[in-house]
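Asks: next comes the sequence, and after it the predicted model I'd like to discuss.
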Amino acid sequence: MDTARLQRSFATVQAHGDRAAQHFYAYLFVAYPELRDMFPISMAAQRDKLLQALGHIVSHVDRLDRAAPYLESLGRDHRKFSVVGSHYGQIGQALLATLEHFLGDAWTPELAHDWVAAYDLVSSTMMRAAEHASRSQPAWWTADVLEHELRGPDLAVFTVRPTMPLPYWPGQSLSLECPLRPRVWRYFSPANTPRADGTIEFHVRAYRGGQLSPALVYQLREGDQIRLGAAVGDRLTLLPGGGRDLLLIAGGTGLAPLRALVEQVEVETGSGVPVRGVELYVGARTDADLYDLDTLRGLQAAHRWLSVVTVSGGRDDVVSAALSAGKLNDLEIYACGPPAMVAAAREDLAAAGVPVDRVHVEEYDGTRYRPSTAGAGYSAATR
């Protein structure tokens, strides 16, 4: 298999942008119309995911072991879309037809052979992971909505209880779908550490033009049901058992996973783990956007090791305030919120000389995890 030839050919097809993804799905749905119902009504986000995933796989095709965690995560995750083994052959056929269409005379028998071999490796890895996951966990969890509260004109906090135990670590995210927007899955981080009663709290802001978040904020009601996918991501998780003091920087609903980390420290301290200090900086555009302030004040009043600082203003204000916390090199630092805020935090912390392994952020764009951080089983609120 000539990996360089594969990568060059994909770069040629990728240069056609959205046209290539449109051709792929058009071919797939004409050849196999029964598959159309597995996808959301709007395909815009789905087309982008296809090219992003293919690009990552092809860039690692010479060392497929590096892409294996990502492929295994994809295989497990696609179970929630009702993907089964026979679908991989149909998808492969559409992929090869798309490559042939855009490569034209460059689509030689040798190149076709390489692509078939590469796709066989990819699909077999995904299918094995899906089959293995099916032995221990469902494709999705059904959850009942117990409470739903508007905390602002565009923000809601709601609590659900899965009908079966759903394991996750604080700082991870769960994909969510509801009948209001069928087949549209988005990732959200629980705002709490796992509870004895199994309930999970989510914080969601409605984004203009979002496919799912407006429905969750304005239409979801107590008594409704949603579906949840398996937990993913490990960049925002906290190793149990104590350790360095923590500096947490939250913006908007990026507070959710960081509040879950605070609760994890609370649980561990209560069980006898050595106390670690936690400073939580919460940024908001205005005071009205500090939607979870009562909960945070309650946690701070109950624990001397926790300090909560609220900052109103632009994205740089909360970062600047947090960086005045003191000896940054002695801390484990977590940042979650709007991408611009997180990027500013990373840049400023690097400029301050904080080791990169002490800074924890999720490479996350709202609808999916980037390949480098796709978790094997272990973020921010999304659109």
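Replies: Thanks, I have it.
Asks: what helices and strands are in contact with the host helix or strand of Glu131?
Replies: Per DSSP states H and E: Glu131 is located in helix 109-134. Using 3 or more CB pairs under 8 Å, 6 or more residues apart in numbering; DSSP states H and E as the contact test, the elements touching helix 109-134 are helix 3-14, helix 44-59, helix 64-77, helix 85-103. From N, CA and C alone the C-beta is placed, and that goes for glycine too.
Asks: do I have it right that Gly163 meets Pro138?
Replies: No, residue 163 isn't Gly; it's Thr. No. Counting by CB atoms under 8 Å, Thr163 does not reach Pro138; the two are 9.9 Å apart.
Asks: any stretches of the stretch 51-200 of the chain with poor pLDDT?
Replies: Counting by pLDDT under 70, the stretch 51-200 of the chain has low-confidence residues at 51.
Asks: secondary structure class for Val318?
Replies: Secondary structure, DSSP: H, G, I helix; E, B strand; the rest coil: Val318 is helix.
Asks: now the closest residue to it other than its chain neighbours: which helix or strand?
Replies: Spatially, and ignoring its direct neighbours in sequence, Val318 is nearest to Gly283 (2.8 Å; CB to CB, 6 or more residues apart in numbering). Assessed by DSSP H and E, Gly283 sits inside strand 278-284.
Asks: average pLDDT across the helix or strand following that strand?
Replies: Next along the chain after strand 278-284, taking DSSP H and E as the criterion, comes helix 293-302. Mean pLDDT, computed over helix 293-302, is 96.
Asks: so what's Asp2 up against?
Replies: Shown in contact with Asp2 (CB atoms under 8 Å, 6 or more residues apart in numbering): Glu110, Asp114.
Asks: in a markdown table, list the helices and strands packed on helix 109-134 along with mean neighbour count and distance to Leu296.
Replies: As requested, those are arranged in a markdown table below (neighbours: other CB atoms under 10 Å; distance: least, CB to CB, whole Å):
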| stretch | mean neighbour count | distance to Leu296 |
| --- | --- | --- |
| helix 3-14 | 17 | 45 |
| helix 44-59 | 17 | 33 |
| helix 64-77 | 20 | 32 |
| helix 85-103 | 17 | 45 |
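Asks: ok, Arg244 - contacts?
Replies: Arg276, Asp330, Leu331, Glu332, Arg358.
Asks: check what pLDDT it gets.
Replies: For Arg244, pLDDT reads 92.
Asks: measure it to Asp316 for me?
Replies: 25 Å (CB to CB, to the nearest Å).
Asks: what angle sits between the strand holding Gly283 and helix 293-302?
Replies: Angle between the axes of strand 278-284 and helix 293-302 is 160 degrees (criterion: axes from the mean of the first three to the mean of the last three CA atoms, to 10 degrees).
Asks: which elements pack onto strand 278-284?
Replies: Using 3+ CB pairs under 8 Å, 6+ apart: strand 278-284 touches strand 245-251, helix 255-270, strand 306-312, helix 315-323.
Asks: which element is Leu176 on?
Replies: Judged by DSSP H and E, Leu176 forms part of strand 174-178.
Asks: pairing partners for that strand, with directions?
Replies: Its sheet considered, strand 174-178 pairs with strand 181-188 (antiparallel), strand 225-228 (antiparallel) by DSSP bridges.
Asks: let's have those strands in JSON lines, adding mean neighbour count and distance to Leu261.
Replies: As requested, those are arranged in JSON lines below (neighbours: other CB under 10 Å; distance: least, CB to CB, whole Å):
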{"stretch": "strand 181-188", "mean neighbour count": "20", "distance to Leu261": "16"}
{"stretch": "strand 225-228", "mean neighbour count": "20", "distance to Leu261": "20"}
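Asks: who wins for proximity to Leu35 among those strands?
Replies: Closest of the strands paired with strand 174-178 to Leu35 is strand 181-188, at 11.7 Å (criterion: CB to CB).
Asks: hmm, who's touching stretch 257-266?
Replies: With CB under 8 Å, 6+ apart as the criterion, stretch 257-266 contacts 170-173, 189-193, 236, 238, 240, 246, 248-250, 276, 278, 280, 292, 295-296, 299, 302-303, 305-306, 334, 336, 379-380.
Asks: among those, the buried ones, what's the ChimeraX command?
Replies: Here is the ChimeraX selection string for the buried members of these, based on 16 or more other CB atoms under 10 Å:
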select :170,171,172,173,189,190,191,192,193,236,238,246,248,249,250,276,278,280,292,295,296,299,303,305,306,334,336,379,380
